[in-house]
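J.: Pasting the sequence and the predicted model now:
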Amino acid sequence: MSLRVGLGFDVHRLVAGRPCILGGVRFDHPTGPEGHSDGDAVLHALTDALLGAAGLDDLGSLFSDRDPRWKGADSAKLLAAALELVRARGWRVVNADIVVATEGPRIAPMRATMRARLAELLGVDVDAVNVKGKTLEGLGALAQGAGIAVQAVCLLERP
Ligand code: MG
């Protein structure tokens, strides 16, 4: 059995007039992540963790933010496409863990919904996907609710 770990990171500005979609879940919040796709920083970080573990470069090289095909794209579809590549190489997701740092939308009340959706997207049990929200202790622009930063790790196994 081979094991591989991958790390992903993403940052998006939070702006008015954008839907707030994080981890494939719609939040009721007045600002949302700016981006070429739907801006789902949680799925972007998670996808990079998956691709990193499998040695498959990164999200930006698979789905360029200059490619009109991905304008407004549902990031769940990008994750599904990346997962297909990972699985085609014989890898299976063991678990993923995610930290969301923002003083925009509150993560804790949505945690269970996010975990269920992420488990569905990854094809794993809910206890194999964890999400943690962190505030920023009033430090910097992110702390004024201006943005969101996400870290994700993902473990893969291959028999
Ligand atoms: Mg992104």
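T.: Looks like it came in fine.

J.: the longest strand in this protein is where?
T.: strand 2-16 (DSSP state E).

J.: where are the low-confidence patches of this structure?
T.: Judged by pLDDT under 70, the chain has its weakly predicted residues at 140-145.

J.: Tell me which helix or strand comes right after the longest strand of the chain.
T.: Next helix or strand after strand 2-16 toward the C-terminus (DSSP states H and E): strand 20-22.

J.: re the thing from before, show me the contact partners of the longest strand of the chain.
T.: 20, 30-35, 39, 41-42, 44-55, 91, 94, 102, 104, 145-158 (CB atoms under 8 Å, 6 or more residues apart in numbering). No exception for glycine: its C-beta is placed from N, CA and C like everyone else's.

J.: Spell out which parts of this protein neighbour the ion.
T.: Residues of the chain found near the ion (CB under 5 Å from the ion) are 10, 44.

J.: so what's the residue of the chain found nearest the ion closest to, chain neighbours aside?
T.: Distances between the chain and the ion by CB to the ion are smallest at H44, namely 3.5 Å. Spatial nearest neighbour of H44, excluding adjacent residues (CB to CB, 6 or more residues apart in numbering): D10 at 4.2 Å.

J.: Alright, that wraps it up for me.
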